[in-house]
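>>> Provided below for reference: sequence and predicted model.
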Amino acid sequence: MRTELVTTLKRKATELLSELSRDKEPILITQHGLPAAYLVDVESFENLKGRIKLLEGIARGERAVEDGRTISHEEAISRMSRWLK
């Protein structure tokens, strides 16, 4: 992963955005030698948001199973029958 100083971002924002759009590789922005932010292209960010949403759904499902909040396949079909028509 590429790393750039925040001052480089200030001076060359347009150039960095063009490279980001072309390369699709995140850029770590540092400030005072410490990581401050990641710069990512819009498509990659949207993909990451989708993945996070999916993983959160899986985690909720796993918690439901652990808590015993489950129903049988037949009950699920019965409850969803109005949407499956």
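Cool, the structure landed.
>>> Which strands and helices lie in contact with the longest helix along the chain?
Counting by DSSP state H, the longest helix found in the chain is helix 42-66. Helices and strands touching helix 42-66, by 3 or more C-beta pairs under 8 Å, 6 or more residues apart in numbering; DSSP states H and E: there are none. Backbone N, C-alpha and C define where each C-beta goes, glycine included.
>>> mean confidence for that helix?
Helix 42-66 shows a mean pLDDT of 97.
>>> Following the chain onward from that helix, which element is next?
The first helix or strand that comes after helix 42-66 along the chain, using DSSP states H and E, is helix 73-80.
>>> what's the pLDDT at L84?
78.
>>> Domain boundaries for this protein, per the record?
Domain ranges of the chain: 2-40, 43-80, per automatic domain parsing.
>>> beta partners of T3?
Note on T3: beta-bridge partners by DSSP bridges are L28.
>>> My read is that it contacts E25, right?
No. If you go by C-beta atoms under 8 Å, T3 and E25 don't touch, sitting 11.3 Å apart.
>>> Which one's more surrounded, those two?
Neighbours were counted for T3 and for E25 using other C-beta atoms under 10 Å; E25 has more, 13 against 10.
>>> Go ahead and confirm that one touches M1.
Yes. If you go by C-beta under 8 Å, E25 and M1 touch, sitting 6.8 Å apart.
>>> name the element the residue lying closest to T8 once chain neighbours are set aside belongs to?
Once flanking residues are discounted, T8 sits nearest to L16: 7.3 Å by C-beta to C-beta, 6 or more residues apart in numbering. L16 is part of helix 13-23 when elements are defined by DSSP H and E.
>>> List the buried residues in that helix.
For helix 13-23, the buried set under the neighbour-count rule, 16 or more other C-beta atoms under 10 Å, comprises 16, 19-20.
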